[in-house]
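*Asks:* Provided below are the primary sequence and the corresponding predicted coordinates.
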Amino acid sequence: MAASRLSLRGKKERTGGAVPPAARLSRNADALAAADRHAEAEAAYRAALAADPTQAGTHNNHGNALRALGRTEEAVAAYRAALDHGLDIALVHYNLASALRQAGRAAEADRAYRRALVMQPDHAEAWNNHANLLRDEERLEAAAVGYRRAVTLRPDWNDAHDNFGSALYLLHERGRVEEAARLAGLWRREHPGNAVARHIGAAIAGEGAEPRAPDAYVRQTFDLFAGEFDEKLAELGYRAPELLARAVAADSTSGNGASGDGMLDVLDAGCGTGLCAAALRPLARRLTGVDLSGGMLERARARGLYDRLEEAELVAFLETNPAAFDLIMAADVLCYFGVLDDALSAASAALRPGGRLAFSVEALGDGEEPPHRVATHGRYAHREAYLRAALAAAGLAVASLGRDTLRLESGVPVSGLVVLARKPDA
């Protein structure tokens, strides 16, 4: 996470009488920076400093403008100038540290963060961003301690909670299981109202998992992830939409299901950014998407492929749309449910006779005892036998069920169950 920009007045600005030219130029530059007109602000700060190079606050703000323009080495020099001219405060050391980190000068950034934290121990952003630096260097236990301090200082800061969970996950994956579990247990107990702490903390601590991931956890996670969702999944070789589209197409051409050709009412359940939309649009007379995350829906809307998009919890949405759909697709959505009874029953009720449900979940090995289990990344995996029993209980018949790789996780293939189920004809 980038450091917050700061606006510090030049030390020589006067409160009475005529405003000196340099201070007037600095004020104008501040206004330009506040309007995100960074190139103009940078030029105005340079003019102000040419008029009076001793303005420490203006050097700091010049550094902020330079950073916004990606000129990090020049920003480093500007922050150092602010310090040299007497603005020796935590926020300038913090800005300097952030610029040094961006410039790839990790050791210097580490020292600057530590100096900022000595001067201002309650600076949550400095704790968080220093922990980001430590995480980048694989100093995961120290990073986790930093994130823990950040969320203690700002308990409602979702980004820091998400970072804390990521550090604990990596610590666990690197074999530091006991230390990760200890910190996760503390996190969960210290922040019982935070959805990420509640869900991921329990998974990493090995404590009792809830029947499904909390709605607030899902919404928070995907709102934070929305901007980079498509790119990250591409890096992971994400295949669930392709595999489900293939299963639906194979079923249609076999004569067992409706061929589609633009005449189906289709629901993209947990549609996210709309990665399934291109495959579903040719089948649909009307294509609806539903998701908990408003941030994801903004990106789905931008695709221009949906007739309707709804921000809602999936089971509640299905229950209020009985017999509304000929096809429901849920790509990597039911992996946020451990117990599948409610979700599958609601999907069955939302299907018309002969309608189909296509979905994917992560697979537990056949020899594993529990019917489902939450992993340290927060998603549930299911046993095939449990899945078949839950589908039968919901009145859905298995049309096809296969195992395939859904994506990579830490470079390791994630085995999934790719399922097509059908509601019997009336």
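*Replies:* Structure's in. What do you need?
*Asks:* Excluding covalently adjacent residues, which one is nearest to residue 282?
*Replies:* Using Cβ to Cβ, 6 or more residues apart in numbering and skipping residues adjacent in sequence, the residue nearest residue 282 is residue 262, 6.5 Å away. In short, each C-beta sits where N, CA and C put it, glycine included.
*Asks:* give me the number of residues near residue 72?
*Replies:* 19 (other Cβ atoms under 10 Å).
*Asks:* Over to residue 341?
*Replies:* A count of nearby residues for residue 341, using other Cβ under 10 Å, gives 13.
*Asks:* And it, its phi and psi?
*Replies:* Residue 341 adopts backbone torsions of phi -60, psi -50, taken as degrees, to the nearest 10.
*Asks:* what's the answer for the one 5 residues further on, then?
*Replies:* Dihedral pair for residue 346: phi -70, psi -40, per degrees, to the nearest 10.
*Asks:* which residues touch it?
*Replies:* 314-315, 318-319 (Cβ atoms under 8 Å, 6 or more residues apart in numbering).
*Asks:* Check the gap between residue 40 and residue 29 for me.
*Replies:* 8 Å (Cβ to Cβ, to the nearest Å).
*Asks:* What strand or helix carries residue 31?
*Replies:* For residue 31, the host element (DSSP states H and E) is helix 21-34.
*Asks:* Helix or strand: which one has the closest residue to residue 190 other than its chain neighbours?
*Replies:* Spatial nearest neighbour of residue 190, excluding adjacent residues (Cβ to Cβ, 6+ apart): residue 152 at 7.1 Å. Residue 152 is part of helix 140-153 when elements are defined by DSSP H and E.
*Asks:* Next SSE downstream of the longest helix anywhere in the chain?
*Replies:* Looking across the chain with DSSP state H, the single longest helix is helix 158-173. Later in the chain than helix 158-173, the nearest helix or strand by DSSP H and E is helix 177-190.
*Asks:* Does anything pack onto that next one? Which helices or strands?
*Replies:* In this structure, helix 177-190 makes packing contacts with helix 140-153, helix 158-173, helix 195-205, judged by 3 or more Cβ pairs under 8 Å, 6 or more residues apart in numbering; DSSP states H and E.
*Asks:* for the ones you listed, which one sits closest to residue 308?
*Replies:* Shortest distance between residue 308 and those, using Cβ to Cβ, is found for helix 195-205: 27.2 Å.
*Asks:* Between residue 40 and residue 29, tell me which one has more neighbours.
*Replies:* Legend: neighbour count by other Cβ under 10 Å for residue 40 and residue 29, higher for residue 29 (25 against 15).
*Asks:* Apart from its neighbours in sequence, what residue is nearest that one?
*Replies:* Take residue 29 and drop its neighbours on the chain: the residue closest to it by Cβ to Cβ, 6+ apart is residue 44, 3.5 Å away.
*Asks:* Show me which residues of the one helix or strand the one you found maps to are buried.
*Replies:* Residue 44 is located in helix 38-51, with elements delineated by DSSP H and E. By neighbour count on 16 or more other Cβ atoms under 10 Å, the buried set for helix 38-51 is 38, 41-42, 44-46, 48-49, 51.
*Asks:* Distance to residue 20 and pLDDT added to those, as CSV?
*Replies:* CSV is the format used below for the buried residues of helix 38-51 (distance: Cβ to Cβ, whole Å; pLDDT from 0 to 100):
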residue, distance to residue 20, pLDDT
38, 24, 95
41, 19, 94
42, 21, 95
44, 15, 93
45, 15, 94
46, 17, 94
48, 10, 94
49, 13, 95
51, 8, 93
